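>>> build the 3D model from these lines:
(one chain, ligands or ions: 1)
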Amino acid sequence: MQRKIKVITTAVMLSAVASFVNAADLTKAYEMPDASKMIEKDALAKPTKYTMPKGCISTDAELIARGEYIFHNLNGKKAKKTPPKGLVKFIEKKGKDGKVKKKPKQYGNCVACHNIEGAKGAGNIGPDLTGYKAMFIDTKTRDNQFVFQKIADARIDNPKTHMTINLTTKLFNEREICDIASYIVADKKK
Ligand code: HEC
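Predicted structure coming up:
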């Protein structure tokens, strides 16, 4: 009797060990992607210095209107007014299934953090950009290149910035950054 119990106990223990080993083996059945690669993919690219292209800052009303539209709107779906010439509300993007889909274009929504002439419900995380030309450009406190770089990649000026990164992330292209910068430094007095 005693011996029988011993045998049974040993058998139970052995099967417990076996299932533990099996459980441990199961991890091999999972897909274990290298997390560091995923983090790398999602991480922002390094802070990048840019040189403002020739003819970047302009007083052309059409171009400034585009900059203004990007500054005040979140995306093509939320934007109410018709976009100015040269700017679209929706862009066509190829999905994973290969089908072309219409996606609302992402704008700057700079008003979430900055006040400026005509802003509605502007946030105050970033400095007020009202009267920027008179206050910063005319006084030579800032220049166009600074404004361009700030919008393109704010980390060059402030590594701990809370501002969105726009050119390094390819959220906007160079021309669009120039349009936004032109709007900020424009004389808005009427
Ligand atoms: C999440 C908040 C946030 C958003 C969104 C944001 N900014 Fe900023 N911005 C800041 C902060 C904070 C600063 C102050 C400097 C810094 O920390 O980088 C700043 C600084 C600036 C400056 C420099 C002002 C100066 O002369 O010192 C400019 C120009 C500017 N932002 C433009 C923009 C534009 C254009 C957009 C939209 C494309 C935008 N910002 C979106 C937070 C923001």
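
>>> and H72, how many neighbours?
Residues near H72, counting by other Cβ atoms under 10 Å, number 20. All C-beta atoms are positioned from the backbone trio N, CA, C, and that covers glycine.

>>> got a list of what the residue nearest to it when sequence neighbours are not counted touches?
Excluding its sequence neighbours, the residue lying closest to H72 (Cβ to Cβ, 6 or more residues apart in numbering) is V111, at 5.5 Å. By Cβ atoms under 8 Å, 6 or more residues apart in numbering, the contact set of V111 is F71, H72, A119, K120, G121, A122, G123.

>>> T164 contacts G108, correct?
Yes: shown here, T164 and G108 form a contact pair, counting by Cβ atoms under 8 Å, at 7.5 Å.

>>> more neighbours: which of these two?
Set T164 next to G108 and count neighbours by other Cβ under 10 Å: G108 wins out with 23 against 16.

>>> give me the spatial nearest neighbour of the more buried one, chain neighbours excluded.
Leaving out its chain neighbours, the residue that sits closest to G108 by Cβ to Cβ, 6+ apart is I70, at 4.5 Å.

>>> just the contacts of V111: which are in helices?
Taking DSSP state H, the ones among the contacts of V111 that sit in helices are F71, H72.

>>> as JSON lines, the contacts of V111 with distance to E40 would be great.
Formatted as JSON lines, the contacts of V111 follow (distance: Cβ to Cβ, whole Å):
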{"residue": "F71", "distance to E40": "32"}
{"residue": "H72", "distance to E40": "35"}
{"residue": "A119", "distance to E40": "37"}
{"residue": "K120", "distance to E40": "39"}
{"residue": "G121", "distance to E40": "37"}
{"residue": "A122", "distance to E40": "35"}
{"residue": "G123", "distance to E40": "31"}
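
>>> out of the contacts of V111, which are close to the ligand?
F71 (Cβ under 6 Å from any ligand atom).

>>> ok, so of the contacts of V111, who is nearest K133?
Set against K133, the nearest of the contacts of V111 by Cβ to Cβ is F71 (14.7 Å).
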